[in-house]
Structures are given as structure tokens and as C-alpha cells.
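J.: Sharing a model prediction with you, sequence too.
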Amino acid sequence: MKRVFLLFLLIFSIYNSPLYAQLDDGSIAPDWTLTDLNGNEHHLYAYLDSGYSVVIDFSATWCAPCWSYHNSGNLENLYEQYGPEGTREVMVFFIEGDASTSIDDLYGTGNNTQGNWVEGTPYPIINSSTTANAYQIGYWPTIYMICQNRTITEVGQQTTSAIYNETSKCPQPEFSLDISIQEYSPNGGIVCSDSIQPTISLINNGNQAINSMEINYWLDNVLAGTYNWTGNLYLYYDAEIVLPTISNVTEGRHNIKIDITKVNESDDENVNDNAVESEFFVNPDGVNVRMYFLSDNHPEESSWQIEQDGEVIITGGNYDMQSHVYIENFCLDEGSCYDFVMNDSYGDGMGSGSVQLLYNNEAVLNISGNDFDTTLVQAFCVGAVNVNEGLNAKQQLQIYPNPATTTIVIKSSIKGTVEIYSILGQKVFTSYLKQNEQRIEIPGLKQGNYLVFVIGNKAILSTRLSIVK
């Protein structure tokens, strides 16, 4: 929004910092495998799985507040007392996250530095702007603590004892056998098919590794199938399980229930989060249209609706997360046209926000936050001659290799933020595309199917990605 805020630069050093919203406390920390200045490789999730909490200082070599905190000795003391040579409870990393700096700056010999960051620092120093982008760093320094369950908390520039006290707040396993369903689909909404494929995302919250599960699922209170899963799911490891397809589902409202009934051929010790249930609607003659809604700095002011012949058929908005991509799926009639109505209650548009609707991976509607003030009505058609013909003619996105393992090359007609989502809509990776063709490392992605999109100033491009291991 076009409002003016007074920023005190003595508190926040934001010159040349990436314009991202910070990761929310409690969100899942993106995994990474990185090499430090001494050539040693470090894997974040491996430290977490070994029982460490991890503290990361994201800084820039030119940043004066970063330099001051780095020389306070708080993280040095934390590492020496509670790190691998101490009680083995906490691991500490320094990550230089500004792409404009160099290795010479870290050693104090460059032209964009406060001094020698390496001398006297006992914990690993890593130079990786890609990782800073993945963590959506909005200002320097940003100090994150990551718990064993992979959740993240911004702890700030605190003393050694204060940060150590924060690590003691990390949740500890209460049970030996404890599987938990985190997300699932279908979860409400409309399915544009007479076939549904139930999917669950789960995490092992118990001390004991899980190697088998019995999963039952019902459609309209009738058992549709039993799925026997096998694998290795250690403490705080997560997995996404796609259950067998249910076919010939009739048009109308339905109910689905999914229940994990056995874990390691035994009863789960905590059954409170083993089952999920929801209603959904099937429209077998409809087609799926996906919306990517990029919120601005005041998401609570944005709302939208889809109308057909003056009748409101879908509504949404008044969001609560800044600079966040909300994904919505609609079931609309092929060959029909609609009006998309975008509203801003403050009356100054969406600023950095945008909206895109995709049908068959082709954009049928693009709205930039600067295109309107209070209300914008824009027509679009599905599966017909689009009223915005040629909208996507010059906007292309390609990924190779695809399928991929740990590295991809993105070729895009626009530059911007790269975000990767699981098929359940969970964001699993973030980076930034500075060139129209750029190599990106994605070592933390598990085998499966993902959706990748590039968010530019006035457009969002998307495509699919498969990961094989």
C-alpha cells in the first residue's frame, strides 16, 4: 500500500536487503546442504535429527548492526558452551546472505565490509544468498532458531542465556509411537472430476521410527479402501502419501474420512491427530481453474469475487499474511465467461500484489496491484477465445532437467521470486531469479510432484516439476 512509514535505520539495517516478508514463527524451516569457508559440508536436517537445535545468524558484511552483534560474543559463547565441543545441544551458523558481497568481504579485505568476520569465529561461516532468499530474509541481521521438529522462530539479537532459554522451549516428543496428519485433500471445495485421489501429509512426532502404517479411507461412510504404507519415517520426518484413486463418484456433495488405524502393526499412542474428515462437492462436467493470489503489505484490505451474469458464485480475500501466495482452485464451466471483481477497502490498490488465473497451465487473467484503486472488474473466459487474447504469448517458463534430482535450470521470460509448492499447496522452497536462465540447487526436495512458479512485478508464471531420487 502507498503509505509512508518512518524506519529507524539504527534499529533495522535494510539498505539493499531483499524485500521479503519474514518466515512466520512456527513455519517449517527449508532444508539445506551447504559448504562452509573451510570446505566442510553441513546438512541442516541432519543436525536436527541428531538432537541439535540450530541457530542461524543471517547477516551482510556491510551491515553495522550485524557487525556489532557478531562481535558481542553471544553466539560464540553459545557455540562453545552448548555446541559440538560443549553439551552438544545447539549448533550455530553464520550465513552471509547478500548477493552483492564477496568472500573477500568476509575476510575483511573487500570493499563492502565492516571488517574480518572470519577471525575469531569458532562456528561455521557460509556464503549463500540463495539460502537467505529461501528464508525470506527482509532485514539484516535476522537470527533464527530452528527446533528439532523443523519449526522456526526469530529470536533476534539476544544474549547467550536468552537464546539458550529459547531452545529449551522447543517441543519434545511425548510418545514413542505418534503419527500426525498435518494436511489432506480433498478438504472442502469443488472437485472437477468423477474421480478423486485422497492425499495426506503427515509427520512422525514420536521417538520410535515408523516403518509401516495401515490407512483406511471412507467415502460417504462406506469403506473405499485400505492402504498399507511401508518405509522409514524417523522422529520429525514428514511424508506425503497419495492414496489409490476413488472412481465413478457421482455429482453432488460427498464426505471423505481418512484414518491411520495401525502404526508399526500397533495402536498409535496418541490417536487425537490420526483421522481427518471433510465434505466436498463433485462437478464432473467442470474444469479446474487455479488462482495465484500474491498479497501485498495489507492483505486484510484485499477481497475478490467471481461473477457470472451478475450472480456472485465464488468469493474470497481479507487475508492475513503479507507478501504470500495464496493458491485457490475453482471448478468452472468450460466454454463460459466470468467477471473477476477485485476490491481494496483502503482504495489504493494492491501495490506489490497480483492475481493470476490459470486454465490448462495457460493464463486467462492477470491483474497487477497497480491496475486499480478501489475496484477492478475484469472479464475472462474458460476454454474459449479469451477476452485477454495474447495475455501469455510472451510469458514462458521452462525447467530442465525435468524430472530432476537436486539441481534445476529455470528459463523464464520474467525475473522474480521462485517458489515451489507440494501438491497439497505447502510451500517447500523459495529463491530468487536474477537472470532469465539460472541454475538453482534444490537438495531438500523429496521425491514427488511439485508446482513451480516465478512471481514477477506484473505476472506469475507456473509449470510442473517432478523430483526423482
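T.: Yep, that arrived. Only a predicted model underlies this, so the values are computations on that prediction, with no experimental measurement involved. Residues are numbered from 1 along each chain as shown.
J.: Which helix or which strand is home to residue 156?
T.: Secondary structure from DSSP states H and E places residue 156 outside every helix and strand.
J.: and stretch 328-342, average pLDDT?
T.: For stretch 328-342, the mean pLDDT works out to 86.
J.: Then stretch 68-84?
T.: Here the average pLDDT along stretch 68-84 is 97.
J.: ok, now stretch 277-293?
T.: Averaging pLDDT along stretch 277-293 gives 88.
J.: for stretch 234-254, same thing?
T.: Here the average pLDDT along stretch 234-254 is 91.
J.: Off-centre distance for that stretch?
T.: The chain centre lies 21 Å from the centre of stretch 234-254; the measure is CA atoms, centre = their mean, to the nearest Å.
J.: Compute the first-to-last residue distance for it.
T.: 35 Å (CA to CA, to the nearest Å).
J.: got it, and stretch 180-192?
T.: Start-to-end, stretch 180-192 (CA to CA) is 29 Å.
J.: Next: stretch 120-130.
T.: Start-to-end, stretch 120-130 (CA to CA) is 26 Å.
J.: And it, what's buried?
T.: 121, 123-130 (16 or more other CB atoms under 10 Å). Any C-beta I mention is one placed from the backbone N, CA and C, and that applies to glycine too.
J.: ok, these vs residue 192, which is closest?
T.: residue 130 (36.5 Å; CB to CB).
J.: Could you confirm the closest one falls within a helix?
T.: Yes. Assessed by DSSP: H, G, I helix; E, B strand; the rest coil, residue 130 belongs to a helix.
J.: how near is it to residue 429?
T.: Using CB to CB, to the nearest Å, one gets 10 Å for the distance from residue 130 to residue 429.
J.: how about the strands in the stretch 301-450 of the chain?
T.: 302-308, 311-317, 325-333, 337-344, 354-359, 362-368, 375-381, 397-400, 407-412, 416-422, 427-433, 437-441, 448-455 (DSSP state E, counting those that start in this stretch).
J.: Starting from the second one, tell me which strands it pairs with and how they run.
T.: It stands for strand 311-317. strand 302-308 (antiparallel) (DSSP bridges).
J.: Show me which residues of the strand it pairs with are buried.
T.: Quick answer for strand 302-308 (16+ other CB under 10 Å): 302-307.
J.: any chance of these in CSV, plus distance to residue 455 and pLDDT?
T.: Below are the buried residues of strand 302-308 laid out as CSV (distance: CB to CB, whole Å; pLDDT from 0 to 100):
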residue, distance to residue 455, pLDDT
302, 16, 93
303, 21, 94
304, 18, 95
305, 23, 94
306, 22, 93
307, 26, 90
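J.: closest to residue 186 among the residues you listed?
T.: Nearest member of those to residue 186, counting by CB to CB, is residue 306, at 19.9 Å.
J.: now that closest one, nearest residue through space, not along the chain?
T.: Leaving aside its sequence neighbours, residue 306 sits nearest to residue 314 (CB to CB, 6 or more residues apart in numbering; 4.3 Å).
J.: do residue 77 as well
T.: residue 160 (4.3 Å).
J.: That neighbour reaches residue 79, doesn't it?
T.: No. Using CB atoms under 8 Å as the test, residue 160 is too far from residue 79 to be in contact (9.4 Å).
J.: Pick out whichever of those two has more residues nearby.
T.: Taking neighbours as other CB atoms under 10 Å, residue 160 and residue 79 compare with residue 79 leading, 23 against 19.
J.: and the gap between that one and residue 215?
T.: From residue 79 over to residue 215 (counting by CB to CB), the distance is 43 Å.
J.: ditto for residue 250
T.: Counting by CB to CB - residue 250 and residue 215 are separated by 24 Å.
J.: Nearest to residue 286, out of the buried residues of stretch 120-130: which one, please.
T.: Looking across the buried residues of stretch 120-130 and measuring by CB to CB, the closest to residue 286 is residue 130, at 39.6 Å.
J.: mind checking pLDDT for the nearest residue to the closest one once chain neighbours are set aside?
T.: Leaving aside its chain neighbours, residue 130 sits nearest to residue 431 (5.5 Å; criterion: CB to CB, 6+ apart). According to the prediction, residue 431 has pLDDT 83.
J.: What residues does residue 431 make contact with?
T.: With contact taken as CB atoms under 8 Å, 6 or more residues apart in numbering, residue 431 is in contact with 130, 133-134, 417-418, 440.
J.: So which of these wins on neighbours?
T.: Highest neighbour count within the contacts of residue 431: residue 134, with 26 neighbours (other CB under 10 Å).
J.: wouldn't that one be in contact with residue 29 here?
T.: No. Look at residue 134 against residue 29 with CB under 8 Å: they stay out of range, at 9.2 Å.
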